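> next one to model:
(chains A and B)
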Amino acid sequence: MNLPNLYLADLPPEAVLTPSLVRDACIAVKRNRAVWLAERPTQELVELLAYAAERWMTPDNGFRRLALQQGPVDLGMGSATLSRGLDAFLRHLSVESLNALITQDLGDARRLDEFSAPAGELRQGRTSLVQGPELLVHVAAGHLPSSSLMALVLGVLTKSAQFFKLSARCSVIPRLFAHSLADLEPKLGRCLELAVWPGGTEALESALWEQADCIRVEGSDEAVDAIRSRAGTRARFIGHGHRLSFGFVGREVLSGYMARKVAGRVAADVTAWNQLGCLSPHVIYVEEKGGVSPEGFAEMLSEAMADREQSEPRGELDVEEGAAIRSRRSLHELRARRHLQDREGAETVPRGAFFEAPGQGTRVWGSAGSTAWTVIYEDDLAFRPSCLNRFIYVKPCEDPQRMLQAAEVVRGRVSTVGVAAAEGRMQDLARGLARWGVARVCPLGRMQEPPLGWRQDGRPTLGDLVTWTDLELGS
Amino acid sequence: MPDSLSQFARDLMEDIRRMSPRNPADAEAWFGAQAWRLHRLQAAANPVCRAADGAGSLSEGDGGDWRTIPPVPAAAFKEWDVTALLEPERLRVFCSSGTTGQVPSRHHHSRESLAVYEASVISWFGPHLVPDGDRAPLRWMSLTPAAAVAAQSSLAHMMETVSRRWEASPSAPDHPFYFGTVDSDGAWQVSVPEVIQALEAAVAAGMPVLLMGTAFNCVHLLDSMALRGLRLRLPAGSRVMETGGYKGRSRTLTRTELHGAIGERLGLPAACVVSEYGMSELSSQAYDGVAGAVASPRIFRMPPWARALVVSVETGQEVTEGGTGLLRLLDLANVWSAMAVQTADLAVRRGGGFELLGRAPAAEARGCSLRSPDGD
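I've put the predicted structure just below:
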């Protein structure tokens, strides 16, 4: 399957982008939007998106097959992992969910097309129309493809012309998705532009900022801040910096049978997108005094991780990423053996010469002969960011309060907490997490599968893009 | 008499002193036997080495391949005192110069272990930096602070050691040796005007210079020279030894860029710039060539009493020629600490040596990987 040359990102690698190419592309997509997209009925777009997703879900879909061929190299992950990640996103892309998202964020699904309002507002004599930015610019700095796809969907719903600045590592799938939309509806395809260049290429980026009405950036906090400071004030700026996530397992689900099930769900969360997303857990806190100890849970998790590796191999990493895992793993292995020495007592310590504090208890489980997966159990509660790519910490905690104290270092930067606990505790638990600053609480096993309407960083994703015109009706 | 670390050290010093060109097979057999001997002694005397050994290699005796000796991760030096020295024997400690806020590595030394350290330094520094022999006229200059004010720096101690051996006089007022100071934050600074004055004096006298320092020392000097629009042409026979990374103390250059800047400001060709690879956790160093004849590609080589292994990050086994992996060093001169040290540096295996991979700033790092608060 050969892709036509539609986008700047389709140009051969030796092609040189210039500021005027970028500016012309922006002007072209804006013109195409005015002609076709701006007045398109929202329901038509909703149906188009849902149909595109449906086609992508079919195993023999050409775009999907290309994605699964080229994506693993691009992203450094196995194709089964990629396929699960894509499906988790595509499943949510239905007419029903898209309409639910619009209603949730805008109050009324018709508002993108005409002045309208839910009954309560109408009774007060008010109605409103919402409009998206004319040109919506996205910067995806080395993120997962699913966030770029989500961003694209939002921009289609707001009927915006869109320009994607993609990172070289993560361009294949957004590009294929754009092509698949263009294949279904060429006129929509012409309202999109995608390009790849190294972040911080100022000449190209200033040309882009000049044309943008709204700039939506996902990346590290540094990348977001750098773009915010360079982009000027003309365009609206929406920045989503990196977030991280963790898990909590309540003591009441730690019976042997349930514990094993929960461990399987945690393994699903750790392996999803190879743990590279903001919604992937770094640490799993396991409550003490359950039927299974936190250490026992870690062992169950290691078995579940090994199973996952069988069905969904992690894939090959860059040597730097592998080195980070290897180095950290070997330090923990040494800590574990030092701890054993301390426990075994004095006869292994010669001549009373060593007055070191006894090491923290730790245990390591890892794939043999590879860095494919690693489970580290540590007595020490302190939150510790993982080096990712299927490397997870398990830590004990007395109760959720202690967990939050231990996670204080990352407070304000936490996206999701995955929870397995008795239903009766959920209200209290979730309230505690919300007060502490967590944006999303979900069941373990679904951390990387947020519904379409999830509020990224606690903000309405569609709602943040639009502007409102209120019409106050005369009596 | 039972074998001991002290006995090992005495034997090693003798071997280092006599290290005449052996045939490779003998050298390999000698290294293997000594490596296993030291490994056994360390596992008995040092709990961290014993822990690193796990259940593994000791039972195999010393018949096996030295490559299978389990290493201690370099990070272990931050966490424990990786030493067989008792408290009262610990005379000096060399600490890593990691970025601020991190726990430094600690490498303890006694009088005996320093003697081994110094023998190792001198015997490998000589053939690489002063291959023209003891009598070559050379003005020795170190951009580091003096060992007296940077007592925890192994590099400053190394400078002290070579200056003593080659009788450059650190205290002679007309030709100072040290040009570095330590500021109130503990950061190293270069006394730039004094260095420039000394370099100009050497140029005027036609006296070749041996200039030594960290990479960031060199950048401080070169940047100051660039600001002043100053270029020198150091006399023929001059040479530079640069070492170590930047650790955020100056702008970061690749090795090629640094050597280019040295050429531009000091008039020295790259063949006269020797890179040294060393770490406070070790007692021996690697050099990437001989002053005046450094060839490209630059391959670091350890001395005959040490070995560099490049191991696969996935399997932990040695990579094949040209393969990339983590650098593991086995240093027989690390008698009272740990002979086998697993670094976190990436390298390419080249013959018996290695090419160090610059830690390229990962342009767009993947994943939501916030920097770890404790930096590991």
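> what does the pLDDT read for residue 48?
As the question left the chain open, I've gone with chain A. pLDDT, A:Leu48: 98.
> my bad, the chain I had in mind was chain B
What the model reports as pLDDT for B:Val48 is 94.
> how far away is it from chain A?
Distance, B:Val48 to chain A, by Cβ to the nearest Cβ, to the nearest Å: 7 Å. Yep, even glycine has a C-beta here, placed from its N, CA and C like the rest.
> spell out the secondary structure type for the residue nearest to the spatial centre of chain A.
By Cα atoms, centre = their mean, chain A has its centre lying nearest to A:Gly277, at 4.2 Å. Assigned by DSSP: H, G, I helix; E, B strand; the rest coil, the conformation of A:Gly277 is coil.
> that one contacts A:Gln448, correct?
Yes: counting by Cβ atoms under 8 Å, A:Gly277 does reach A:Gln448; the two are 5.8 Å apart.
> the stretch 151-300 of chain A against chain B: which residues are in contact?
Counting by Cβ under 8 Å from any Cβ of the partner chain, the stretch 151-300 of chain A comes close to chain B at A:167-169, A:198-199, A:219-220, A:223, A:242-244, A:275-278, A:280.
> only the buried residues of the helix or strand hosting A:Arg265, if you could.
Assigned by DSSP states H and E, A:Arg265 falls within helix A:256-271. Residues A:258-259, A:261-271 are the ones in helix A:256-271 that count as buried (16 or more other Cβ atoms under 10 Å in any protein chain shown).
> one more: stretch B:164-184?
Buried positions in stretch B:164-184, judged by neighbour count with 16+ other Cβ under 10 Å: B:Arg165, B:Trp166, B:Ala168, B:Pro170, B:His175, B:Pro176, B:Phe177, B:Tyr178, B:Phe179, B:Gly180, B:Thr181, B:Val182.
> just stretch B:11-31 next, same as before
Neighbour counts over stretch B:11-31 (16+ other Cβ under 10 Å) mark B:Leu12, B:Met13, B:Asp15, B:Ile16, B:Trp30, B:Phe31 as buried.
> gap between stretch B:149-169 and the chain center?
Distance of stretch B:149-169 from the chain centroid (Cα atoms, centre = their mean, to the nearest Å) equals 13 Å.
> show the average pLDDT along that stretch.
For stretch B:149-169, mean pLDDT rounds to 89.
> just stretch B:234-241 next, same as before
Across stretch B:234-241, the average pLDDT comes to 96.
> how about stretch A:298-311?
The average pLDDT for stretch A:298-311 rounds to 98.
> what do you get for stretch A:146-159?
For stretch A:146-159, mean pLDDT rounds to 96.
> can you show me the CA trace of it as PDB?
Only the C-alpha atoms of stretch A:146-159 are listed here, as PDB (Å, rounded to 0.1, in the frame of the first residue of the first chain):
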ATOM      1  CA  SER A 146      -3.000   7.700  21.000                       C
ATOM      2  CA  SER A 147      -2.700  11.200  22.400                       C
ATOM      3  CA  SER A 148      -2.000  12.600  18.900                       C
ATOM      4  CA  LEU A 149      -5.100  10.700  17.500                       C
ATOM      5  CA  MET A 150      -7.200  12.100  20.300                       C
ATOM      6  CA  ALA A 151      -6.000  15.600  19.600                       C
ATOM      7  CA  LEU A 152      -6.900  15.100  15.900                       C
ATOM      8  CA  VAL A 153     -10.400  13.900  16.800                       C
ATOM      9  CA  LEU A 154     -10.900  17.000  19.000                       C
ATOM     10  CA  GLY A 155      -9.800  19.200  16.200                       C
ATOM     11  CA  VAL A 156     -12.200  17.600  13.700                       C
ATOM     12  CA  LEU A 157     -15.100  18.000  16.200                       C
ATOM     13  CA  THR A 158     -14.300  21.700  16.600                       C
ATOM     14  CA  LYS A 159     -14.200  22.000  12.700                       C
END
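> buried sites along that stretch?
Using 16+ other Cβ under 10 Å as the test for burial, stretch A:146-159 gives A:146-159.
> which pLDDT value goes with residue 97?
Picked chain A for this. Looking at A:Ser97, its pLDDT stands at 97.
> wait, chain B was what I had in mind.
So, for B:Ser97, pLDDT stands at 71.
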